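[1] sequence unknown, structure follows:
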Ligand code: FAD
């Protein structure tokens, strides 16, 4: 007889996990509060497009859902095109290898593709318009559309950063999910195509860094770009401060003047599109006995500045599958516990990395010292490949655990600071000092 499992949430994590678990002897019910996005006119996802990188691709591939169709919908971005206030655009590449690029992907395309895969599995039932409004895991109950449902099998909460399942686990454990707010919010604006062509280079992630705020733009297949403006929620230069067309155009004229001609409906987008919150989340405990687990954003949401939230959620699914493989008897208590133990510190580290990368993106990229350190990091990687891997590379182009990347990144930064000090040209760096520092402070590391 097959065991049952219930997944709450059919966003990005739920359907990938469902596809993976459908390969085992399990019957899976997946509850989603919204309508089936494949049938509804309006897709109400959180961001229109996302950056997909190594961890996400590896996980999709291993689950057999990285189809040719999905792959052909990706747009490679090889670096940051930094739009300076002067109007000049400075290209800063992401890595020192041809394989070092991230991919712009439509949230709608990836979500639909994952749901389509789930739907082909005979042991999966997806139930749309079914909102889990509460859970009482101690008494084996969840509440769906305000009706109590008895549940005698494990429940996995893939229900995003406001997870009902995470709240119930926290209540039982006497802990509290910790929400990290950064006082900045975001809004999406559109740079449409002109004469059916992209208005900017589509193979770059565009950023307009302005120290205390920034705008970014990622390409879409229809030759548009989705821009995301990040700035304070309230106070000077904030979403609440800009409340008239005049203020909006004055603000853009002052800070983002080269984008005014690109965004065809600036005031329409700005005043009609919602302002989104930027939330980081640390859930202290992810598992409860053999009854429940949270995964993806439900366990560890992050701010979007490393483009890793979805990638980490997909990597969760990959790691979860490897643990399930170890337990042919489906010992859920052990599986959930091991998953939590393996992933929790890495998820916390990703939040730290992402918070830090906001400063890098909105400010550091404007500084000569940052550019110098970046170039030197590439040289050190060429010269000491077994020891020195630039931080962005570790996070986006390898599957080195986030905690290791964070820790090594800090050590590497100290080495870079020491080597870059008083250096005229990066090519002239002191190789023997580098060798001494690197072999003293770093151990060998494998990229994969
Ligand atoms: P969600 O996407 O939130 O999905 C949760 C699902 O559960 C939804 O379908 C929801 O309707 C459903 N649900 C919620 N509550 C209930 C309930 N009570 N009952 C039933 N169903 C429920 N990540 C990247 O890797 N790269 C990026 O470039 C990137 N950019 C981003 C930009 C922005 C502005 C934001 C906000 C996030 C970005 N992310 C990015 C992060 C990424 O969006 C998330 O990490 C990802 O969506 C997590 O997927 P999830 O399925 O865990 O959660």
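    All right, it came through fine. Keep in mind it's a predicted model, so treat the numbers as computed, not measured.
[2] Going by C-alpha atoms from here, please, whenever you check contacts or count neighbours.
    Fine.
[3] Show me what the longest helix belonging to the chain is packed against.
    Among the elements of type helix in the chain, defined by DSSP state H, the one spanning the most residues is helix 332-362. Counting contacts by 3 or more CA pairs under 8 Å, 6 or more residues apart in numbering; DSSP states H and E, the secondary-structure elements packed against helix 332-362 are strand 205-209, strand 276-282, strand 287-288, helix 309-326, helix 402-420.
[4] Kindly provide the whole-number mean pLDDT of the third one.
    Mean per-residue pLDDT for strand 287-288: 98.
[5] before we move on, back to that, can you add mean neighbour count and distance to the ligand and give the helices and strands packed on helix 332-362 back as a markdown table?
    As requested, those are exported to a markdown table (neighbours: other CA atoms under 10 Å; distance: least, CA to the nearest ligand atom, whole Å):
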| stretch | mean neighbour count | distance to the ligand |
| --- | --- | --- |
| strand 205-209 | 26 | 10 |
| strand 276-282 | 19 | 6 |
| strand 287-288 | 26 | 16 |
| helix 309-326 | 22 | 3 |
| helix 402-420 | 18 | 14 |
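[6] follow-up on the earlier one: in the next helix or strand after the longest helix of the chain, what's buried?
    The helix or strand immediately downstream of helix 332-362 is helix 368-383, counting by DSSP states H and E. When burial is assessed from 16 or more other CA atoms under 10 Å, helix 368-383 yields the following buried residues: 370, 372-381.
[7] Okay, angle between helix 368-383 and helix 402-420 too, please.
    Angular relation of helix 368-383 and helix 402-420 on a 0 to 180 degree scale: 110 degrees, by axes from the mean of the first three to the mean of the last three CA atoms, to 10 degrees.
[8] Just the mean pLDDT for helix 368-383, thanks.
    Confidence for helix 368-383, expressed as mean pLDDT, is 96.
[9] Would you mind naming what in this structure lies close to the ligand?
    8-14, 31-34, 46-47, 50-52, 130-133, 158-160, 163-164, 296-298, 304, 307-311, 313 (CA under 6 Å from any ligand atom).
[10] Which members of those occur in helices, if any?
    Where the residues of the chain next to the ligand overlap with helices, as defined by DSSP H, the overlap consists of 13-14, 164, 297-298, 309-311, 313.
[11] and which of these is nearest to residue 248?
    Lowest distance from residue 248 to these (CA to CA) belongs to residue 309, with 30.5 Å.
[12] So the closest one is in contact with residue 301, correct?
    Yes: with contacts defined as CA atoms under 8 Å, residue 309 counts as touching residue 301 at a distance of 6.6 Å.
[13] quick one: contacts for the spatially closest residue to residue 306 that is not a sequence neighbour?
    Leaving out its chain neighbours, the residue that sits closest to residue 306 by CA to CA, 6 or more residues apart in numbering is residue 354, at 5.1 Å. Residue 354 makes contacts with 302-306, as judged by CA atoms under 8 Å, 6 or more residues apart in numbering.
[14] So residue 354 versus residue 224, what's the distance?
    Residue 354 sits 26 Å away from residue 224 when distances are taken as CA to CA, to the nearest Å.
[15] circling back: quick one: which two of the ones in helices among the residues of the chain next to the ligand are the most distant?
    Farthest apart among those - using CA to CA - are 164 and 311, which lie 22.3 Å from each other.
[16] is it fair to say residue 199 lies in a strand?
    No: read with DSSP: H, G, I helix; E, B strand; the rest coil, residue 199 is coil and lies in no strand.
[17] Can you give me the pLDDT of it?
    According to the per-residue confidence, residue 199 scores 98 in pLDDT.
[18] so how far is residue 362 from it?
    As defined by CA to CA, residue 199 lies at a distance of 22 Å from residue 362.
[19] Check residue 131 too.
    In this structure, residue 131 lies at 38 Å from residue 362, with CA to CA as the measure.
[20] Same question for residue 311.
    As judged by CA to CA, residue 311 and residue 362 stand 22 Å apart.
[21] Kindly report the same for residue 116.
    The span separating residue 116 from residue 362 equals 38 Å under the rule CA to CA.
[22] Between those two, tell me which one has more neighbours.
    A count of neighbours by other CA atoms under 10 Å puts residue 362 above the other of residue 116 and residue 362, at 22 against 15.
[23] Looks like the more buried one contacts residue 212 (just checking).
    Yes: assessed by CA under 8 Å, residue 362 is found in contact with residue 212 at 6.7 Å.
[24] tally of neighbours for residue 273?
    12.
[25] With residue 197 instead?
    12.
[26] and if you look at residue 129?
    Counted with other CA under 10 Å, residues neighbouring residue 129 total 14.
[27] Also residue 268?
    The local packing of residue 268 (other CA under 10 Å) involves 11 other residues.
[28] Likewise for residue 11?
    Using other CA under 10 Å, the number of residues around residue 11 comes to 24.
[29] Now it: closest residue in space, sequence neighbours ignored.
    residue 111 (6.6 Å).
[30] for the helix or strand containing that neighbour, which positions count as buried?
    Taking DSSP H and E as the definition, one finds residue 111 inside helix 107-119. For helix 107-119, the neighbour count (16+ other CA under 10 Å) marks 107-115, 117-118 as buried.
[31] Same question for stretch 28-41.
    Buried residues in stretch 28-41 (16+ other CA under 10 Å): 28-34, 36-37.
[32] Stretch 324-336 too?
    Buried positions in stretch 324-336, judged by neighbour count with 16+ other CA under 10 Å: 324, 330, 332-336.
[33] Repeat that for stretch 224-238.
    In stretch 224-238, the ones that count as buried by 16+ other CA under 10 Å are 224-233, 237-238.
[34] Looking at the residues you listed, which one is closest to residue 350?
    The shortest distance between residue 350 and any of the buried residues of stretch 224-238, using CA to CA, involves residue 230 and amounts to 19.6 Å.
[35] my read is the closest one is in a strand, agree?
    Yes: secondary structure assignment (three-state DSSP) places residue 230 inside a strand.
[36] So it versus residue 309, what's the distance?
    In this structure, residue 230 and residue 309 are 17 Å apart, going by CA to CA.
[37] circling back: the helix holding residue 111 - contacts with which helices or strands?
    In terms of contact count using 3+ CA pairs under 8 Å, 6+ apart, helix 107-119 is assigned the packing partners helix 13-21, helix 68-72, strand 124-127.
[38] just those: most buried one?
    Comparing these by mean neighbour count (mean count of other CA atoms under 10 Å), helix 13-21 comes out on top with a mean of 26.
[39] Could you tell me the angle between that helix and helix 107-119?
    In terms of direction (the same axes, to 10 degrees), helix 13-21 departs from helix 107-119 by 30 degrees.
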